[in-house]
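>>> with the sequence up front, the predicted model follows.
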Amino acid sequence: MKRISIACVLAFVALIAVPAAASALYYPFGPQAFVDKSKLEGWQLCFSDQYFEIHSLDLVFTPCNQDLMMLAGGPTGSPTLTVLAAAPRADVTFDTGTGNTPHNANGTGWYFNPNWSWGFAKQGDVIERDECDVEASSDGNPNGANPDLRLCWHTLGGDSQLSGGYRAGATTGLNDSTDYTRYVYQAPRPSNTFTVTIKKLKVLVGVEAQGDVSVVDDKTVLAATASKKKSRLLLKPSSASGNPPTIAAPLLLTKTAKRKLRQNGKLTVKARITFTPLHGLANTRTAKLKIKGKRKKK
């Protein structure tokens with residue numbers, strides 16, 4: 001792991017926002033109704049067919065193999081999706097059997113079985129899988145919650161087939177429909193890579209996605225208020241110079257550390273810098289900061 005050093009009277013860590021070339025991933029919490037396709041920033045369509053069609057699930061899972069997955073349905077040819085929801089692929093395809101207990105992820109109750117049905121409802125809402133979820137419909141409990149935030153496709157056939165699609169939001173009975181289309185989108189997890197460089201009295205952390213940067217030292221040299229703090233910068237337009245915006249946060253020293261700095265004229269801080277992109281996985285690197293000050297005369 002690469003180590004870096006800096007000599008300064010006060011140590012700073014700079015937190016960098018996303019470069020202008022990067023795009024924000026549209027990643028809604030929970031199911032969404034009536035979403036324009038133009039809002040699906042960062043997503044790639046990897047499968048679509050009409051609700052009446054029958055295909056092997058392999059035709060979905062083979063091309064749709066990235067870390068994040070979105071299911072959606074809407075009128076064929078329409079720019080608007082009737083309903084959609086997104087989560088990590090492992091959650092969207094989590095096998096819940098044929099029962100009515102969904103797998104919760106990102107505000108959505110997901111259910112899947114390769115020989116029963118595949119779909120979602122708002123997290124916490126009751127589902128009734130008579131094969132597909134008939135809750136909040138005329139085929140089940142018409143007074144069920146949030147009919148517009150439900151989607152279900154049949155996977156019957158005994159050999160892992162995606163068969164007729166039953167519902168898109170409150171619209172049901174779509175098993176033989178050519179008027180509605182099923183969509184599966186995918187996206188990679190946002191990159192958690194970052195660079196650390198030195199510029200004057202700043203440590204610059206360059207990132208490729210929006211997220212959090214935190215700085216923690218191993219020996220409590222830094223004051224808790226600074227070392228445990230997380231800072232986030234949302235996407236912003238680039239400046240006229242084309243450089244991404246930056247923010248500098250001081251690494252405050254404890255009283256003990258300040259005393260050692262006065263006594264020895266120098267102090268070493270071993271800090272862990274962690275970048276956690278939104279909807280991504282954390283990445284941590286270490287930085288060895290050498291702080292120099294004036295030794296107190298005896």
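In hand now; what should we look at? Just so it is clear, the model here is predicted, and its values are computed rather than measured.
>>> which parts of the stretch 1-150 of the chain are helices?
58-61, 89-92 (DSSP state H, counting those that start in this stretch).
>>> out of those helices, which one sits most buried?
Most buried of these by mean neighbour count (mean count of other C-beta atoms under 10 Å) is helix 89-92; its value is a mean of 18. (C-beta placed from N, C-alpha, C; glycine too.)
>>> re the thing from before, quick one: which of the helices of the stretch 1-150 of the chain is nearest Y180?
Evaluated over the helices of the stretch 1-150 of the chain, closeness to Y180 peaks at helix 58-61, with 16.7 Å, by C-beta to C-beta.
>>> per-domain residue ranges of this structure.
7-24+190-292, 32-187 (automatic domain parsing).
>>> hey, which of those domains is tucked in deepest?
Note that of the domains of the chain, domain 32-187 is the most buried (mean count of other C-beta under 10 Å), with a mean of 19.
>>> now that domain, how far from the centre of its chain.
For domain 32-187, the separation from the chain centroid amounts to 20 Å (computed by C-alpha atoms, centre = their mean, to the nearest Å).
>>> what is the rounded mean pLDDT of that domain?
Averaging pLDDT along domain 32-187 gives 95.
>>> and if you look at stretch 210-222?
66.
>>> what segments of the stretch 1-150 of the chain are strands?
7-8, 12-16, 32-36, 44-50, 55-56, 68-75, 80-88, 103-105, 108-112, 117-122, 129-130, 132-133 (DSSP state E, counting those that start in this stretch).
>>> so what does the helix or strand just after the last one touch, helix or strand wise?
Which is strand 132-133. Later in the chain than strand 132-133, the nearest helix or strand by DSSP states H and E is strand 151-154. Contacts defined by 3 or more C-beta pairs under 8 Å, 6 or more residues apart in numbering; DSSP states H and E place strand 151-154 against strand 68-75, strand 80-88, strand 117-122, strand 132-133, strand 165-168.
>>> would you list these in JSON lines and tack on distance to A187?
Converted to JSON lines, the helices and strands packed on strand 151-154 look like this (distance: least, C-beta to C-beta, whole Å):
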{"stretch": "strand 68-75", "distance to A187": "4"}
{"stretch": "strand 80-88", "distance to A187": "8"}
{"stretch": "strand 117-122", "distance to A187": "17"}
{"stretch": "strand 132-133", "distance to A187": "25"}
{"stretch": "strand 165-168", "distance to A187": "21"}
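>>> of those, which is nearest F34?
Here strand 80-88 is closest among these (C-beta to C-beta), at 5.7 Å.
>>> to R259, which of the helices of the stretch 1-150 of the chain lies closest?
Comparing the helices of the stretch 1-150 of the chain by C-beta to C-beta, helix 89-92 comes nearest, at 50.4 Å.
>>> rewinding a little: as JSON lines, the strands of the stretch 1-150 of the chain with distance to G169 would be great.
Shown next, in JSON lines, are these (distance: least, C-beta to C-beta, whole Å):
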{"stretch": "strand 7-8", "distance to G169": "58"}
{"stretch": "strand 12-16", "distance to G169": "40"}
{"stretch": "strand 32-36", "distance to G169": "6"}
{"stretch": "strand 44-50", "distance to G169": "17"}
{"stretch": "strand 55-56", "distance to G169": "22"}
{"stretch": "strand 68-75", "distance to G169": "7"}
{"stretch": "strand 80-88", "distance to G169": "4"}
{"stretch": "strand 103-105", "distance to G169": "20"}
{"stretch": "strand 108-112", "distance to G169": "14"}
{"stretch": "strand 117-122", "distance to G169": "11"}
{"stretch": "strand 129-130", "distance to G169": "17"}
{"stretch": "strand 132-133", "distance to G169": "12"}
